[in-house]
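Engineer: my questions are about this predicted structure, shown below with the sequence.
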Number of protein chains: 2
Amino acid sequence: MDAQPHWLDPEQKAAWGSFIRMQETLIGRLSRSLQVDSGMSAADYAVLVSLTERGDGRMRLLDLAKLVEWEKSRMSHQVTRMAKRGLVAREECPDDGRGAFIVATPAGCKAIEEAAPTHVEHVRRLFIDALTPNQLSALGRISEHVLEHMGKQPD
Amino acid sequence: MDAQPHWLDPEQKAAWGSFIRMQETLIGRLSRSLQVDSGMSAADYAVLVSLTERGDGRMRLLDLAKLVEWEKSRMSHQVTRMAKRGLVAREECPDDGRGAFIVATPAGCKAIEEAAPTHVEHVRRLFIDALTPNQLSALGRISEHVLEHMGKQPD
């Protein structure tokens, strides 16, 4: 191929750059606050919130991975680390072949209950408060567009 | 404090959740493609793009950290790893006390030149193509709002 690379035009590049810097800064600041306030990583938080809010405390590994949009191997490593710290446990189901349930332990439930209010305050202070309700709903719709589009794209 | 936590309302929570899932999925897919196509992490790419596009091949560590919105210690570790792989080098400036320059080596320049066209194609395919020009510019403006707002917020 001797075709010229198809670079972004200046408007596309500016918007992409702003988005990347914003998400990098936001996720970085929220992750550091979470670590300082609660001793949890963003990944710990995502797993425990998913288990306790959506899964009633327990979910299959693959469903959990899908819910937070991770690959199964990443979730498996994360769950192993969290199990060592007593935040979750694996419940094997040898009978049905659909893999283990991941369960939030009482310590895990306590940890997320303690971490959530402060984390949500940071989300509100850094992100929600920056935007008007219209801007926030526009961002939600745009995000859904991108998610839907990505779902149709091969890797 | 016995006040109730100030949770997000359903609209805020939905928009926040969509945004988080979108950026997590997008960054994850771009990072995996970059690794597979070019053997580079997203962090390697960010450093080399910054050095070659904005810094004319060389920048001070602190300026580089500010440009990609990382803490200085994270950039220092990243540069150490990249120097071991020959992608960048440190040029000490003992005279002026403002710290070392980080320089893209010829191998680093070659690596980013080879990686960039394919990476930009993935950005276009997964993200830019998902949005109308109006949606993209709205996302850029919203991102700038959030960045400006975060700049005024203490850690």
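Structural biologist: Nice, thanks for sending it over. Numbering: from 1, shown residues only, chains lettered A, B, ... in the order given.
Engineer: by residue count, tell me the biggest helix in chain A.
Structural biologist: helix A:10-38 (DSSP state H).
Engineer: buried ones in that helix, by neighbour count?
Structural biologist: Buried residues in helix A:10-38, counting neighbours by 16 or more other CB atoms under 10 Å in any protein chain shown, are found at A:12, A:14-16, A:18-26, A:29-30, A:33-34, A:38. Using the backbone N, CA and C atoms, a C-beta is placed for each residue, glycine as well.
Engineer: name the helices or strands packed onto the helix or strand that comes right after it?
Structural biologist: Using DSSP states H and E, the next helix or strand after helix A:10-38 towards the C-terminus is helix A:42-49. Secondary-structure packing of helix A:42-49 (3 or more CB pairs under 8 Å, 6 or more residues apart in numbering or on different chains; DSSP states H and E): helix A:10-38, helix A:72-84, helix A:106-126.
Engineer: is chain B contacted by the longest helix of chain A?
Structural biologist: Yes. Using CB under 8 Å from any CB of the partner chain, helix A:10-38 reaches chain B at A:11-12, A:14-16, A:18-19, A:21-29, A:32-33.
Engineer: gap between that helix and the chain center?
Structural biologist: For helix A:10-38, the separation from the chain centroid amounts to 14 Å (computed by CA atoms, centre = their mean, to the nearest Å).
Engineer: and the angle from that helix to helix B:106-126?
Structural biologist: On the basis of axes from the mean of the first three to the mean of the last three CA atoms, to 10 degrees, helix A:10-38 is oriented at 100 degrees to helix B:106-126.
Engineer: tell me the angle of helix A:10-38 relative to helix B:42-49?
Structural biologist: Interaxial angle, helix A:10-38 versus helix B:42-49 (the same axes, to 10 degrees): 130 degrees.
Engineer: tell me which strands and helices helix A:10-38 is in contact with?
Structural biologist: Judged by 3+ CB pairs under 8 Å, 6+ apart, helix A:10-38 is in contact with helix A:42-49, helix A:106-126, helix B:10-38, helix B:133-151.
Engineer: now do the longest one, average pLDDT.
Structural biologist: For helix B:10-38, the mean per-residue pLDDT is 94.
Engineer: please apply the same query to the shortest one.
Structural biologist: Per-residue pLDDT over helix A:42-49 has a mean of 94.
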